[in-house]
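**Q** Prediction below, plus the sequence it came from.
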Amino acid sequence: MPGCAHCGHALDIIANQVGRRDTCPGCEEDLRSCRNCRHFDESVAKACKEPFAEVPRDKDEANFCELFQLGEGGLHQKASRDAMLSAAEALFGRK
């Protein structure tokens, strides 16, 4: 089931019907943004797995990408990064 990449809220959207002005009912963030796209991946060039996409600088704002496909959601990578840093500090200790 599709979800918001910002807050994790489950979305009742069928067949990728997301307009440019649609927002998440949970956090009011734009839904048609890079972070909500299934092609979004910060580990690849331009943070997009789609090689022919014109990727905007701001990955959180609504855009006109024709290759947009709503992803499964999940929280920002920042939260994952913070969790990894905390785990590393707990494991190795910080002096």
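**A** Good, I have the coordinates.
**Q** Break down this structure into its helices, ranges please.
**A** Using DSSP state H, the helices of the chain run over 77-92.
**Q** quick one: the spatially most central residue of the chain and Ala83, what's the gap?
**A** Residue closest to the mean C-alpha point of the chain, counted by Cα atoms, centre = their mean, is Arg35 at 2.2 Å. The spacing between Arg35 and Ala83, counted by Cβ to Cβ, to the nearest Å, is 17 Å. Glycine gets a C-beta too; all of them are placed from N, C-alpha and C.
**Q** quick one on the thing from earlier: with Glu89 as the reference, measure out to the residue nearest to the centre of the chain.
**A** In terms of Cβ to Cβ, Arg35 sits 26 Å off from Glu89.
**Q** quick one on the thing from earlier: isn't the residue nearest to the centre of the chain right up against His6?
**A** Yes: between Arg35 and His6 there is a contact at 6.8 Å, judged by Cβ atoms under 8 Å.
**Q** still on that earlier bit, setting aside sequence neighbours, what's the nearest residue to the residue nearest to the centre of the chain?
**A** Ala5 (4.2 Å; Cβ to Cβ, 6 or more residues apart in numbering).
**Q** wait, the one you found sits on Lys59?
**A** No: between Ala5 and Lys59 there is no contact under Cβ under 8 Å: 9.4 Å.
**Q** The two - which one has more neighbours?
**A** Taking neighbours as other Cβ atoms under 10 Å, Ala5 and Lys59 compare with Ala5 leading, 26 against 20.
**Q** Can you read off the pLDDT for that one?
**A** Ala5 is assigned 89 on the pLDDT scale.
**Q** low-scoring stretches of the protein, by residue?
**A** 74-81, 94-95 (pLDDT under 70).
**Q** Name the residues contacting each of Ala5 and Lys59.
**A** Listed as contacting both Ala5 and Lys59 by Cβ atoms under 8 Å, 6 or more residues apart in numbering are Ser33, Arg35, Phe40.
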